[in-house]
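[1] fold the following, please.
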Amino acid sequence: YILTLHWHWFFDGDTAWTQKRKKKVDVGAMVTPGTPENRQLMKELSKTADTLQVFEDAGTPVLWRPLHEIDGGWFWWTDRKNPENTAKLWQIMFDYFTTVRKLDNLIWVYSAAAVKTRTAEYHKGFYPGAKYVDISGIDV
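    You can find the predicted model right below:
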């Protein structure tokens, strides 16, 4: 079997959708070591890795699609002003899951949003790099 999972990440117990959140997420603070947001990030990544470990232990590969529609703007993880923060968030997650937690069953699926009014340069700013992505596509 190959499972596919995408993560509607309810960071800090609040919804994934930007417009419905009670508290805005500062992705820049989240990717800065030592901040309260970064400590919460690492706590949540640890809990998620615990869940993904079940599949690792069972020898089950997972098409892992976190931060889907990464550049769309409707989820909290899209940092429109500083897209490199969103790319860094992906990199931190990747490094934690693969290097620290040794989850090698994850197939990393990157998906941009299908927004025709945005430029290629805009979309490129969110891309974490080929080292961090196994499959990429557009979420339509």
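
[2] now stretch 15-29: average pLDDT?
    Stretch 15-29 carries an average pLDDT of 94.

[3] and stretch 74-83, by the same measure?
    On average, stretch 74-83 scores 94.

[4] list the buried residues of that stretch.
    Across stretch 74-83, burial judged by 16 or more other Cβ atoms under 10 Å covers 75-80, 83. C-betas here are computed from N, CA, C, even on glycine.

[5] and that stretch, how far from the chain's centre?
    Put simply, stretch 74-83 sits 11 Å off its chain's centre (Cα atoms, centre = their mean, to the nearest Å).

[6] first-to-last residue distance for it?
    By Cα to Cα, to the nearest Å, the extent of stretch 74-83 from end to end equals 14 Å.

[7] so after the biggest strand by length in the chain, what's the next helix or strand?
    Scanning the chain for the longest strand, with DSSP state E as the assignment, gives strand 106-113. For strand 106-113, the succeeding helix or strand toward the C-terminus, using DSSP states H and E, is helix 120-124.

[8] what's the following helix or strand after that next one?
    Next along the chain after helix 120-124, taking DSSP H and E as the criterion, comes strand 135-139.

[9] next, name the residue at the spatial heart of this protein.
    By Cα atoms, centre = their mean, the chain has its centre lying nearest to residue 67, at 3.5 Å.

[10] what is the three-state secondary structure of that residue?
    coil (DSSP: H, G, I helix; E, B strand; the rest coil).

[11] list the residues that contact it.
    For residue 67, the contacting residues are 7, 9, 75, 77, 86, 89-90, 93, by Cβ atoms under 8 Å, 6 or more residues apart in numbering.

[12] ok, now residue 122?
    So residue 122 contacts 71, 83 (Cβ under 8 Å, 6+ apart).
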